[in-house]
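Participant: Quick one: sequence and predicted model below, then my questions.
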Amino acid sequence: MDIDTTQPWGLAIDFAGRATITEAGHTVYVNVSDSSYNSVIAPDSVTGIYSPVTVTAQFTESGTNSSALRGSGRVSVMPVGTAPVIPDQTAIQRAVAAALADFVDSTAAYTALCTKWTPTDDGSGDGDGSGDDGTTDSTSTTTPV
């Protein structure tokens, strides 16, 4: 991801802290948000410290048979001392990289799961639990992994 050095967070975000980018062929949704419960950005009334800013990046890719794999990344930008958080132009880039890495890990885990799972059915049916003649197969079982 290229950082836009003219933007405080390295990417143009809307008034709600959202942006959408395309990275590595995925449409990634980014959100930059203050993690306080206040609608006004101000120091915590007890500690006197500003809340961290959270940057999230996430996307979902759908496949066959209603399968879906997700990638998500999260980066927290902490305040220094009693000053508010200073925008970090690399935070979004790091969150997007984490989301892409998470997606790769999920894909590898899903692939490993699929290679371990072997159905005990002889493959003659369509997976709905009925035989080819329309009768219900009450003896089919699956082997736990």
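Facilitator: Right, received. Where do you want to start?

Participant: make it CA atoms for all contacts and neighbour counts henceforth
Facilitator: OK.

Participant: how close does T60 get to V46?
Facilitator: In this structure, T60 and V46 are separated by 39 Å, where distance is defined by C-alpha to C-alpha, to the nearest Å.

Participant: quick one: which of those two has more around it?
Facilitator: More neighbours sit around T60 than around the other of T60 and V46, counting by other C-alpha atoms under 10 Å; the figures are 15 against 6.

Participant: so what pLDDT did that one get?
Facilitator: The per-residue pLDDT reported for T60 equals 94.

Participant: excluding its backbone neighbours, what's nearest it?
Facilitator: Closest residue in space to T60, ignoring its immediate chain neighbours: R70 at 4.4 Å, by C-alpha to C-alpha, 6 or more residues apart in numbering.

Participant: ok, now which ones touch the one you found?
Facilitator: When the contact criterion is C-alpha atoms under 8 Å, 6 or more residues apart in numbering, the partners of R70 are Q58, F59, T60, E61, D102, F103, S106.

Participant: Can you say which of those are buried?
Facilitator: Q58, F59, D102, F103 (16 or more other C-alpha atoms under 10 Å).

Participant: and of the residues you listed, the nearest to H26?
Facilitator: Closest approach between those and H26, by C-alpha to C-alpha: F59, at 7.2 Å.

Participant: what are the phi and psi angles of that closest one?
Facilitator: Main-chain dihedrals, F59, degrees, to the nearest 10: phi -160, psi 160.

Participant: For it, give its distance to L11.
Facilitator: Looking at F59 against L11, where the rule is C-alpha to C-alpha, the gap reads 17 Å.
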